[in-house]
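Peer 1: Turn this into a structure:
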Amino acid sequence: MKKIGIFGGTFDPPHYGHLLIANEVLCSLQLDEIWFMPNQDPPHKEKSANVCNEDRVNMLQLCIKDHPKFRVETIELKRPGRSYTYDTMKMLTTLYPNHQFYFIIGADMIEYLPKWQQIDQLVQLVQFVGVKRPTFKHETTYPVVYVDIPEIGFSSSMIRERLKTGRSVRYLLHDSVRLYIKENHLYGS
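Peer 2: The predicted structure follows:
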């Protein structure tokens, strides 16, 4: 049975914090792979208007290309409408019956778990992996395995704001992603 970490998100843009989280979970839980899964239309977050799904996938592929255990999974982008984790994981467990899935969530999502669509059925399909953050509670009645990661003090929204105002994002983004953003005039850069 292959142990697969699923890391969902908007990845708008994908940054070094995402890569750090994925690698820490991969190593801590001794997973076989991490699949980065960009959302189509997440119920709790808005995507940037000027960045299409193809751009987000391209940026993800650029920043993970050197890691043999990272890959991009586009199953949510192939479905229209809202991206609900239960629907996606039901499809993935059907497609890959010999895989055990570990769904990576941030501390902000741990507190939100009771509001997730069909959460009681979802916990039967995946093992949740909570990434700890110092300013959030990590308490829940749902089964969550926790992984400590070095603190990350930046986010995609901060990076988008820096790009919009012409400030440096060096060392926040993989060089290939910075170049892609510049060449494609994304985020007002």
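Peer 1: give me phi/psi at V144?
Peer 2: phi -130, psi 130 (degrees, to the nearest 10).
Peer 1: What segments of the protein are helices?
Peer 2: 16-28, 53-64, 85-95, 107-112, 119-125, 156-164, 175-183 (DSSP state H).
Peer 1: Identify whichever of those lies nearest to R79.
Peer 2: With CB to CB, the closest approach to R79 among the helices of the chain belongs to helix 85-95: 7.6 Å. Any C-beta I mention is one placed from the backbone N, CA and C, and that applies to glycine too.
Peer 1: remind me which residues of the protein are low pLDDT?
Peer 2: 41-49, 134-137, 189 (pLDDT under 70).
Peer 1: so L31 makes contact with I6?
Peer 2: No: look at L31 against I6 with CB atoms under 8 Å: they stay out of range, at 10.0 Å.
Peer 1: closest one to V147 among the helices of the chain?
Peer 2: Here helix 16-28 is closest among those (CB to CB), at 4.7 Å.
Peer 1: in the closest one, what's buried?
Peer 2: The neighbour-count criterion (16 or more other CB atoms under 10 Å) identifies Y16, G17, H18, L19, I21, A22, E24, V25, L26 as the buried residues of helix 16-28.
Peer 1: Let me see the contact set for N98.
Peer 2: Contacts for N98 (CB atoms under 8 Å, 6 or more residues apart in numbering) come out as M1, K2.
Peer 1: related to what we said a few turns ago, could you provide the helices of the chain in a markdown table, with additional columns for distance to T141?
Peer 2: Formatted as a markdown table, the helices of the chain follow (distance: least, CB to CB, whole Å):
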| stretch | distance to T141 |
| --- | --- |
| helix 16-28 | 22 |
| helix 53-64 | 33 |
| helix 85-95 | 18 |
| helix 107-112 | 11 |
| helix 119-125 | 10 |
| helix 156-164 | 30 |
| helix 175-183 | 38 |
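Peer 1: in the sheet, who's paired with F128?
Peer 2: Applying DSSP bridges to F128 yields these beta-bridge partners: F103, V144.
Peer 1: Number of residues surrounding it?
Peer 2: F128: 23 surrounding residues under other CB atoms under 10 Å.
Peer 1: For the nearest residue to Y16 once chain neighbours are set aside, give me its contacts.
Peer 2: Among residues not flanking Y16 along the chain, L172 sits closest, at 6.2 Å (CB to CB, 6 or more residues apart in numbering). Going by CB under 8 Å, 6+ apart, L172 touches H15, Y16, F154, I159, R162.
Peer 1: now Q127
Peer 2: Q100, F101, Y102, F103, P143, V145.
Peer 1: out of the residues you listed, who has the most neighbours?
Peer 2: F103 (24 neighbours).
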